[in-house]
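S.K.: here is my input; please provide its structure:
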Amino acid sequence: MDILNKIKQIQSLSEIGIHYSKNDFELMRNQEISDLCFSVLSQITDIPEQDLKVKIIESDSRF
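M.R.: The predicted structure follows:
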């Protein structure tokens, strides 16, 4: 489903933002975007947010 890929892409961009945040505001904003993405993905897929986080971290660590 294309929407899932778009949400994962937004989540990945927020993770990059978290990594390169220069201040607390940027860090909190990107963390909130990441949390929202996981919440939406969880609602769409019926997979708990924590399980999604583990799966995405595992898939990102392969690169």
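
S.K.: all helices for the protein, in order.
M.R.: Using DSSP state H, the helices of the chain run over residues 2-20, 24-45, 49-60.

S.K.: export these to TSV and tack on mean neighbour count?
M.R.: Glycine gets a C-beta too; all of them are placed from N, C-alpha and C. Output for these, formatted as TSV (neighbours: other C-beta atoms under 10 Å):
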stretch	mean neighbour count
helix 2-20	14
helix 24-45	15
helix 49-60	13
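
S.K.: what's next to stretch 11-25, contact-wise?
M.R.: Under the criterion C-beta atoms under 8 Å, 6 or more residues apart in numbering, residues 26-27, 29-31, 33-34, 37-38, 41, 56, 60 lie in contact with stretch 11-25.

S.K.: one more time with 6 Å, if that's ok
M.R.: Residues outside stretch 11-25 that contact it (C-beta atoms under 6 Å, 6 or more residues apart in numbering) are 27, 30, 33-34, 37.

S.K.: got the angle between the lowest-mean-pLDDT helix or strand in the chain and helix 24-45?
M.R.: Within the chain, no helix or strand scores below helix 49-60, which has a mean of 80 by mean pLDDT, DSSP states H and E. Interaxial angle, helix 49-60 versus helix 24-45 (axes from the mean of the first three to the mean of the last three C-alpha atoms, to 10 degrees): 100 degrees.

S.K.: contacts only, for residue 33.
M.R.: Contacts for residue 33 (C-beta under 6 Å, 6+ apart) come out as residue 14.

S.K.: report pLDDT for it.
M.R.: Each residue has a pLDDT score; the one for residue 33 is 97.

S.K.: what of residue 4?
M.R.: Reading off the model, residue 4 has pLDDT 87.

S.K.: distance of it from residue 26?
M.R.: Distance check for residue 4 against residue 26: by C-beta to C-beta, to the nearest Å, it reads 26 Å.

S.K.: cool, and residue 18?
M.R.: From residue 18 over to residue 26 the distance is 8 Å, taken as C-beta to C-beta.
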